[in-house]
Each structure stands twice: as C-alpha cells, then as structure tokens.
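Participant: structural data only, the sequence is not supplied:
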C-alpha cells in the first residue's frame, strides 16, 4: 500500500506516527502493584469494548497515512477470545508490516504456536522477579512457573527476539537487576532458541500507586559493577523508546542484550511515534493525557472512513510535546494502566 502524505499522521511537533498499541481488553488475571489498585478494577461492560472488526477497520483506515506497526496489549490480551483470528486479520491488512504483542505470558504456553502461525512476529513479556513468592506478591497472585512455561513456548515458536520487561522498584525487586540479566545469558533459565533481550523499565507513577523509582543511570551502574556493559547499536526488531547495551558478567561466558526504558529520567518524548487505542475506542496520544473523543462512538454512529480518518488526524494534531511526570512530585499519569495498554 502506498503512503499518502496528504493524510499523514503528523502532529504539530512534526512527529510521524507509525506505531500503535491496541488494547484488546481491560481485563487481567494479574493485579500488579504498579499497574492496578489492590482492590482491582471495574471492568468495562462487554458492549463498550471495541469489537475485532472495529479494530481492524481503524487500522485499515490508518495504514495509508503511515501506520506500519501494531502491538496488541491489554489488560492481558491472551484473555480475549479468538485473538489468533485478530492477529491474522491485522497481518493481512495492506500496509501493516509488523504485528507483535505484550503479555504476562500466563497462558502463552498453549497459544504461542498458533499465534506465530497467524503471523505474530514476537512478544514482550513482563517478568519482575525470579523468586516465586516475590513474583506472587508483585503480581498479587501470579504463578511464576506458568510465566516461565510461556517464555519457553515463545522461544520454541520463534517469536523472537523474546523481550522481557522488568519494572524496577527500589526496595521491591531492585536486588534482582543482575540475577535477571544472568538468567538471560545463553544457557540461563530465561534463554532459549531465539535471542532473549532484557529491558529495564523505570517505574511510572499512576494515580495513587507510588513506588520509589530506580533511574536508568543507576541500573547501568549496577550492571557495570557486576561485569562489562558496552553500547549496542545493533538493529532490534520493533525498536521503540529503549536504548540498548550488551552486558557480560565478570565471571562466566556469554553476553546478553539489555535495554533501558527511562520515561522519567531520560525523556524520549521528542521522538515519540506511538499512539494508544484503548479498549473503549479512545485514541490516547500520550500516557499523560486522556482527553480524547471515542472512535468507537463514531464507528457505531455510522461514520464513514473519511470521517474516521479526519477524527484520528485531529487527535494526532493535538498531541502534546511531552508528559509532565517526574521521579518525585510532578504529575501522575492518568487512569489505570490495565485500561490504557501500557
């Protein structure tokens, strides 16, 4: 499909948007401390959730204007029935070059192979601890063994590189920065048939859920103290806001590629090319701002493709220069992460 510059998804700061995260459900089988309140979350009624055909239509309309990559998120996307069918439809959409998914991997053991056959390229998997009891505490009930099975299945299905995401929180799991990196080395517990990439993510404050942030600079320093950390400018499929390096332990062999996603201490807003389609049809241009109209309502009121694209372009043009969240004080991100899709 040819690119139409007249309808390009460019905001007033000159950023072309080629990447969209699509939340297919707000439901999740985990209750991670950095994502959801302890009391849980009131799920949207089923009729308020975007239907698969609505998601595909939005993506199809956006593709000629620059959209090239789609990442499925949630909540937990594997909870959405017939997800394999959605992947196949998105992969078949002209102009879409890459379809991937972020998941907690609980249930991926059974779905990794079918998703790969449908055309899913790779997965990002959240794993914040390798200690079963701590993992259960951070996720409020998650079973580490099931996630490890899912990671192994992703390797076996060739969904690579398998990117593992660790949200680092001081006093909660920051003592596992080096152990998790060691587990990703060749032959380690998290390694497999395709490359494993470990990404360290700065904790982002959402509403009342505050934990102490560990800056990316400090994470790098801890890794360097335990081995050798060198810059890695190699191409990473689906590369986004992360900066990458290669880590080799002081004692042992092999190395692992590690990434650092630092939305608070190393803002990457100026290069942001992503949009977030929420499960209720709102197109969020930034984690920090939620005041956008619902594309779902336009679709269900009989809006044409031209009207849909006009609404999307208007939302993109209104994208702010960046968020206002900080490591201390500042503005918390709005909403609940399980509804926003990360």
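Facilitator: That came through fine. Keep in mind it's a predicted model, so treat the numbers as computed, not measured.
Participant: mind listing the helices for the stretch 101-250 of the chain?
Facilitator: Secondary structure of the stretch 101-250 of the chain (DSSP state H, counting those that start in this stretch): helices at 108-118, 132-139, 144-157, 177-183, 216-225.
Participant: low pLDDT regions in the protein?
Facilitator: For the chain, residues meeting the criterion pLDDT under 70 lie at 1-3, 206-210, 233-240, 266-268, 270, 288-291, 322-342.
Participant: mind redoing it with 80?
Facilitator: Along the chain, segments meeting pLDDT under 80 span 1-6, 38-41, 204-211, 233-241, 252, 263-271, 287-292, 321-342.
Participant: re the thing from before, can the helices of the stretch 101-250 of the chain go into JSON lines with extra columns for distance to residue 281 and mean neighbour count?
Facilitator: Just so you know, the C-beta spots here come from the backbone N, C-alpha and C atoms, and that holds for glycine as well. Output for the helices of the stretch 101-250 of the chain, formatted as JSON lines (distance: least, Cβ to Cβ, whole Å; neighbours: other Cβ atoms under 10 Å):
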{"stretch": "helix 108-118", "distance to residue 281": "24", "mean neighbour count": "19"}
{"stretch": "helix 132-139", "distance to residue 281": "28", "mean neighbour count": "17"}
{"stretch": "helix 144-157", "distance to residue 281": "29", "mean neighbour count": "21"}
{"stretch": "helix 177-183", "distance to residue 281": "36", "mean neighbour count": "20"}
{"stretch": "helix 216-225", "distance to residue 281": "34", "mean neighbour count": "17"}
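Participant: out of these, nearest to residue 170?
Facilitator: helix 216-225 (9.1 Å; Cβ to Cβ).
Participant: list the contacts of the closest one.
Facilitator: Here helix 216-225 makes contact (Cβ atoms under 8 Å, 6 or more residues apart in numbering) with 168, 177-178, 181, 200, 202, 229, 245, 247, 258, 260-262, 265-266.
Participant: swap in stretch 307-317?
Facilitator: So stretch 307-317 is contacted by 7, 9-12, 17, 57-58, 61-62, 65, 275, 283, 285, 292-293, 295, 298-299, 303 (Cβ under 8 Å, 6+ apart).
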